[in-house]
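>>> No sequence on hand, only this structure:
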Ligand SMILES: [Zn+2]
């Protein structure tokens with residue numbers, strides 16, 4: 001799957017070892033590899049002397065210690081959080097307590113839409129519901145630090161509160177889980193929403209940051225071109241779903257079997273939710289119909 005995107009899975013980075021992939025940007029990866037996290041969550045340190053940390057990462061004692069060790073003899077003035085999945089934000093309280101830094105993010109975790117009657121949230125365990133920023137950021141706000149300034153770029157879709165951060169001096173974007181170099185982003189209802197996700201991709205395509213540093217995997221060079229691949233990939237996925245529906249009434253498991261050939265079995269549940277995200281969008285646009293609200297166990301057909 002995903003042969004259409006030029007993925008890069010080369011990441012020669014050992015857990016909890018600091019490197020500096022660009023001048024003034026250091027990174028350090030947590031030891032939490034998995035089907036959704038690749039080799040691990042990457043935390044970033046911006047600046048020198050008085051620094052910001054982007055995405056402190058999971059609540060992992062070794063990672064927290066390594067991150068604090070990396071900024072020993074420096075002052076952490078700011079913590080930026082891209083979103084509230086458990087591999088990105090739960091280390092915030094420990095880093096804040098040790099450094100006194102101010103925590104910036106879009107807001108607490110929330111779903112992109114209310115739960116339907118009888119629906120349970122399959123993503124509950126992945127969310128950090130304890131997280132609260134000190135300062136809630138609006139799209140376009142610029143926060144100035146010592147020798148760097150960061151613009152908040154709202155990129156909802158993967159989660160409703162997903163924020164990317166543009167490092168103005170370096171023409172660089174911290175992309176969180178919105179755009180990653182090693183795999184497509186997961187967009188899973190009710191926390192994620194495909195229409196928001198596509199709007200956020202289109203928004204990034206209009207910007208000019210050349211390099212992205214994602215929450216997982218290596219840096220993305222030639223970022224605008226990569227974002228266009230991501231957009232084309234989503235449109236192709238939507239076309240595949242519409243093609244399957246053109247053959248008759250069907251359900252989410254049948255669509256997953258038809259379009260995710262050779263998928264890692266651990267990702268089947270996520271693939272089903274990703275298909276549901278597309279179906280929600282197609283129903284909202286009047287192209288597909290279903291009984292009641294679009295649901296994971298619903299039956300779908302083309303409109304008209
Ligand atoms: Zn995430």
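Thanks, I have it. Just so it is clear, the model here is predicted, and its values are computed rather than measured.
>>> from memory residue 15 sits against residue 41, does it?
No: counting by Cβ atoms under 8 Å, residue 15 does not reach residue 41; the two are 10.0 Å apart. Where you see a C-beta, it was placed from the backbone N, CA and C, and this is true even at glycine.
>>> got any residues that touch both of these two?
Listed as contacting both residue 15 and residue 41 by Cβ atoms under 8 Å, 6 or more residues apart in numbering are 29-30.
>>> quick one: which of these two has more around it?
Comparing residue 15 with residue 41 by other Cβ atoms under 10 Å, the one with more neighbours is residue 41, at 28 against 16.
>>> Show the contacting residues for the more buried one.
29-30, 32, 55, 57-58, 87-88, 215-216.
>>> Next, format those as CSV and append neighbour count.
Listed next are those as CSV, based on neighbours: other Cβ atoms under 10 Å:
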residue, neighbour count
29, 26
30, 27
32, 19
55, 30
57, 29
58, 22
87, 24
88, 30
215, 30
216, 25
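>>> Longest helix in the protein, by number of residues?
The helix that spans the most residues within the chain, counting by DSSP state H, is helix 223-246.
>>> what helix or strand does residue 179 sit in?
Using DSSP states H and E, residue 179 is not contained in any helix or strand.
>>> So it is in contact with residue 216, correct?
No: in this structure, residue 179 is not within contact of residue 216 by Cβ under 8 Å, at 10.7 Å.
>>> Residue of the stretch 1-150 of the chain nearest the ion, please.
Per Cβ to the ion, residue 85 is where the stretch 1-150 of the chain lies closest to the ion, at 3.5 Å.
>>> and that residue, what are its phi and psi?
Reported as degrees, to the nearest 10, the phi and psi values for residue 85 are phi -90, psi 150.
>>> what separates the spatially closest residue to it that is not a sequence neighbour from residue 237, distance-wise?
Nearest residue to residue 85 in three dimensions, chain neighbours excluded: residue 126, at 5.5 Å (Cβ to Cβ, 6 or more residues apart in numbering). With distances taken as Cβ to Cβ, to the nearest Å, residue 126 is found 22 Å from residue 237.
>>> Who has more neighbours out of these two?
In this view residue 126 and residue 237 are compared by other Cβ under 10 Å, and residue 237 has more residues nearby, 21 against 17.
>>> I figured that one was touching residue 278, is that so?
Yes: if you go by Cβ under 8 Å, residue 237 and residue 278 touch, sitting 6.5 Å apart.
>>> just so I have it, where are all the helices in the stretch 151-300 of the chain?
For the stretch 151-300 of the chain, the helices defined by DSSP state H, counting those that start in this stretch occupy 194-205, 223-246, 252-259, 268-284.
>>> Can you convert those into TSV and add a column each for mean pLDDT and distance to residue 156?
What follows is the helices of the stretch 151-300 of the chain, written out as TSV (pLDDT from 0 to 100; distance: least, Cβ to Cβ, whole Å):
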stretch	mean pLDDT	distance to residue 156
helix 194-205	96	4
helix 223-246	94	15
helix 252-259	94	23
helix 268-284	94	13
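>>> Run through the residues of the stretch 51-200 of the chain sitting next to the ion.
By Cβ under 5 Å from the ion, the residues of the stretch 51-200 of the chain that approach the ion are 85, 177.
>>> Pull the contacting residues for residue 216.
37-42, 177, 180, 182-183.
>>> I'd like the distance between it and the ion.
Residue 216 is 9 Å from the ion, where distance means Cβ to the ion, to the nearest Å.
>>> Find me the pLDDT at the spatially most central residue of the chain, would you?
Closest residue to the average C-alpha location of the chain: residue 177 at 1.9 Å, with Cα atoms, centre = their mean. At residue 177, the model reports a pLDDT of 95.
>>> What residues does it make contact with?
With contacts defined as Cβ under 8 Å, 6+ apart, the neighbours of residue 177 are 82-83, 85, 88, 158-159, 162, 185-186, 214-216.
>>> top of the residues you listed by neighbour count?
residue 159 (32 neighbours).
>>> Quick check: it touching residue 108?
No: contact status for residue 159 versus residue 108: not in contact, 10.8 Å apart, counting by Cβ under 8 Å.
>>> Next, show the common contact partners of these two.
residue 84.
>>> Quick check: phi and psi at the residue nearest to residue 222 when sequence neighbours are not counted.
Using Cβ to Cβ, 6+ apart and skipping the chain neighbours, the partner closest in space to residue 222 is residue 210 (7.2 Å). Main-chain dihedrals, residue 210, degrees, to the nearest 10: phi -90, psi -30.
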